[in-house]
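Enquirer: I need the structure of the sequence given here:
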Amino acid sequence: MHILLATERLILRRFTASDAEHIFALDNDPAVMRYINGGTPTPREIVEQQILPGFLRYDDAAPGFGFWAAEEKATGEFVGWFVFRPTDDNPGEVALGYRLHRMAWGKGYATEGGAALIRRGFGEWGVERVTATTYEENRASRRVMEKLGMRYIRSFRYSAEEIGASDTSYTQSAEVWPGEDVEYAISRAEWESRRAQEGLHIRPYRSADADAVSEIIRRTMRVSNSVDYPLEQLQPLIDYFSPAKVEQINRTRTCLVAEANGQLVATAGLEEDEVVTFFVLPEQQGRGIGSALLQQLEAYGRAQGIAELKLHASLTGAPFYARRGFQPTGDILNGTAGPQVSMRKQLGYEDAL
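Expert: Numbers count the residues shown, from 1 in each chain. Below you'll find the model as predicted:
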């Protein structure tokens, strides 16, 4: 038995000719096939002559890609399958798919198996982007994609030719659905950022944090902010943010800190409706820590009924805030160290993926 990987509860192995009965039973459960072919029964000869041969196909040059039967580790019972294979669109792009028996629903198996494949893809197989699709009304499948860190990309309709060419399901009609399918995706950079945040803990500032927060602010100014401003103009600000001053100003504002592996690595404050003292240690930047911290500040702002956040960004910091939905007002302010970009963001409802 060729095993690709084992998770906490699953084993993913290559299909064999003896799996025809498993596929036949899976594809003839109307509930399983509801959002795939409308619950149309799949003839046994279709399984044996068309679907199973595709599942058995193996590429020695890409041993991790293809179709994988999923078994419960504890019982050895067949629970469904996963597919992880390159798309025709872009080099380095892989499509993830899964189909599970009803008895395996609600147990987190799709997320568990999908996460393991994505981890192997990005970590070992040189994958740059993973995509997945489902019918727009299949909320359970969409939730799995969101739990995997994938984000919504687009809605689309398969053509009659694409439906007819499917190698994973059988249908008698090219017009099964009145609605559209949806595509989700995650890039290597997004996955790495998400992984960096797994050990991240964001909490309110405490008085005992004053020394560490002062050092975060001062070191970030010396390294990151010196790209925009001469060090001699930054020095008064660097001197200003002593531990005593940090403790004083954080008594009158909301201040959060981010811990990674027990070390403080970032801080941000909210003074009424303005984001202030937002700093991430230089060596920790680009790992999604700033995004996670800003998301927490935005959530706090919404909870307080704040409709709009404002901030003054450094020139090199402005693109970061723009990616998080902040819009420049067109005003360039003359800050203590030099020019700053005035930015705003409306705090509407956001889906957290």
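
Enquirer: Let me see the contact set for residue 231.
Expert: residue 222 (C-beta atoms under 8 Å, 6 or more residues apart in numbering). Any C-beta I mention is one placed from the backbone N, CA and C, and that applies to glycine too.

Enquirer: so how far is residue 218 from it?
Expert: Plainly put, residue 231 is 12 Å away from residue 218 if you go by C-beta to C-beta, to the nearest Å.

Enquirer: what residues are up against the residue nearest in space to the middle of the chain?
Expert: Closest to where the C-alpha atoms of the chain average out (C-alpha atoms, centre = their mean) is residue 149, at 2.4 Å. Residue 149 makes contact with 186, 190-191, 194, 353, according to C-beta under 8 Å, 6+ apart.

Enquirer: Kindly state the pLDDT recorded for the nearest residue to residue 51 once chain neighbours are set aside?
Expert: Of all residues not flanking residue 51 in the chain, residue 23 sits nearest, at 6.0 Å (C-beta to C-beta, 6 or more residues apart in numbering). On the pLDDT scale, residue 23 is placed at 97.

Enquirer: which residues sit against the host helix or strand of residue 23?
Expert: Assigned by DSSP states H and E, residue 23 belongs to helix 20-27. Helix 20-27 is touched from outside by 32-33, 42, 44, 47-48, 51-52, 55, 69, 78, 80-81, 99, 101, 169-170, with contacts defined as C-beta under 8 Å, 6+ apart.

Enquirer: circling back to that earlier point, relative to residue 272, how far out is the residue nearest to residue 51?
Expert: Residue 23 is 60 Å from residue 272, where distance means C-beta to C-beta.

Enquirer: more crowded one of the two?
Expert: Per other C-beta atoms under 10 Å, whichever of residue 23 and residue 272 has more neighbours is residue 23, with 25 against 12.

Enquirer: any idea how far residue 37 is from that one?
Expert: Distance, residue 23 to residue 37, using C-beta to C-beta: 14 Å.

Enquirer: Same check on residue 220?
Expert: Separation of residue 220 from residue 37 (C-beta to C-beta): 55 Å.

Enquirer: same thing with residue 184?
Expert: Counting by C-beta to C-beta - residue 184 and residue 37 are separated by 21 Å.

Enquirer: I'd like to know which elements the helix or strand of the chain with the lowest mean pLDDT is packed against.
Expert: One helix or strand of the chain scores below all others by mean pLDDT, DSSP states H and E: helix 160-164, with a mean of 76. When contacts are defined as 3 or more C-beta pairs under 8 Å, 6 or more residues apart in numbering; DSSP states H and E, helix 160-164 packs onto no helix or strand at all.

Enquirer: Export that helix to CSV, keeping only CA atoms.
Expert: The C-alpha coordinates for helix 160-164 follow below in CSV (Å, rounded to 0.1, in the frame of the first residue of the first chain):
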residue,chain,number,x,y,z
ALA,A,160,-20.8,22.4,-21.1
GLU,A,161,-17.5,21.1,-22.5
GLU,A,162,-15.8,21.4,-19.1
ILE,A,163,-18.7,19.6,-17.3
GLY,A,164,-18.6,16.8,-19.9
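
Enquirer: follow-up on the earlier one: buried ones in the helix holding residue 23?
Expert: Buried residues in helix 20-27, counted by 16 or more other C-beta atoms under 10 Å: 20, 22-24, 26-27.

Enquirer: Redo those residues as TSV? Include distance to residue 128.
Expert: As requested, these are exported to TSV (distance: C-beta to C-beta, whole Å):
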residue	distance to residue 128
20	35
22	33
23	31
24	36
26	31
27	32
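
Enquirer: of all those residues, which comes closest to residue 317?
Expert: Using C-beta to C-beta, residue 26 is the member of the buried residues of helix 20-27 that sits closest to residue 317, with 51.3 Å.

Enquirer: how close does that closest one sit to residue 36?
Expert: According to C-beta to C-beta, residue 26 and residue 36 sit 10 Å apart.
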